[in-house]
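Enquirer: Got a predicted structure plus its sequence, pasted below:
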Amino acid sequence: MPFIELISFVATDFLHEDMSGEDSPLTLLGASEGCLDVVQGRQIENSSQVYFITTWKTYDLYDSATREGGYASFMAYLMHHTIMDPCVHHFEVDGDPHQALAAPVTEIVILRCKSAGDWGWDQELFSGIKGAKKGLNMVQGSYPPLRWGEVTDIGDSGSYCMFVGWDSVQAHFRAVREQPLQRHVNKIRQTTSLIDAKHVIFKSIRRPKEKRYLPERMAGFRIHSSL
């Protein structure tokens, strides 16, 4: 399964500028073996919050890249322009997240199962996510599929991250009020505690020209930050 490194932090004004230049650290990192995509973006709710996401074919290829000079240069560059220490998460996702990350708006949701490790609670959560995936194809305004995976570096197991692409924040809010998604979203709410839910506008720094996914009909999914 694809492996994700998600980095977020409050950045200096300089780092808000485009970093897609030919010699930028992100472009060089994207040339690493096994790197599928590198995206940068700013949070809509707080424009000082910057996100970088790299997608890798496998964890092993990511791990190998971290030992190379390109990765070290990338991290050194980011640390030079951060106002505070970054938040970094790692996890595998259930498929290529490019559709969600390339959408006009991407929602990033991090949540935790209320009874992590309890088989019954886990199954309820997984059932809600499975239903939401199906519901995506019945509403307008998003870019399926929903991609998700367990984030193993947030305390104990039982924390998960989801990526969902949207036309806009408004399309997001409309979609979750529709029946194809509403009951599944409610099930997810009942079984989890929300850690974070934000919207980000991403720009791809490096993406191979060949297609790695099949186009899908637009649809939607949302977990409200008011949980």
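Expert: Cool, got the structure.
Enquirer: helices and strands of the protein: which one bottoms out on pLDDT?
Expert: Between all helices and strands in the chain, the lowest mean by mean pLDDT, DSSP states H and E belongs to helix 25-30, at a mean of 80.
Enquirer: Just checking, which helix or strand succeeds that one along the chain?
Expert: Next along the chain after helix 25-30, taking DSSP states H and E as the criterion, comes strand 35-43.
Enquirer: Quick one: distance of that next one to the chain centre.
Expert: Strand 35-43 has its C-alpha centroid displaced from the chain centroid by 9 Å (CA atoms, centre = their mean, to the nearest Å).
Enquirer: Which strands or helices does the lengthiest strand in the chain pack on?
Expert: In the chain, ranked by residue count with DSSP state E as the criterion, the top strand is strand 192-206. Helices and strands touching strand 192-206, by 3 or more CB pairs under 8 Å, 6 or more residues apart in numbering; DSSP states H and E, are helix 25-30, strand 35-43, strand 49-56, strand 105-113, strand 159-166. Backbone N, C-alpha and C define where each C-beta goes, glycine included.
Enquirer: ok, now with 10 Å
Expert: Packing partners of strand 192-206 (3 or more CB pairs under 10 Å, 6 or more residues apart in numbering; DSSP states H and E): strand 3-10, helix 25-30, strand 35-43, strand 49-56, helix 98-101, strand 105-113, helix 119-135, strand 159-166.
Enquirer: hang on, Arg183 packs against Gly131?
Expert: Yes. Using CB atoms under 10 Å, Arg183 makes contact with Gly131 at a distance of 7.4 Å.
Enquirer: of the two, who's got more company?
Expert: Ranked by neighbour count (other CB atoms under 10 Å), Arg183 and Gly131 place Gly131 first, with 17 against 12.
Enquirer: and the residue nearest the centre of the chain, what does it touch?
Expert: Relative to the mean C-alpha position of the chain, the nearest C-alpha, by CA atoms, centre = their mean, is the one of Phe163, at 4.1 Å. Each residue near Phe163 by CB atoms under 10 Å, 6 or more residues apart in numbering is listed here: 4, 6, 53, 93, 97-101, 103, 106-109, 143, 145-149, 200, 202.
Enquirer: picking up where we left off before, same list (the helices and strands packed on strand 192-206) but as TSV, adding distance to Met75.
Expert: Formatted as TSV, the helices and strands packed on strand 192-206 follow (distance: least, CB to CB, whole Å):
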stretch	distance to Met75
strand 3-10	9
helix 25-30	8
strand 35-43	13
strand 49-56	10
helix 98-101	20
strand 105-113	20
helix 119-135	32
strand 159-166	20
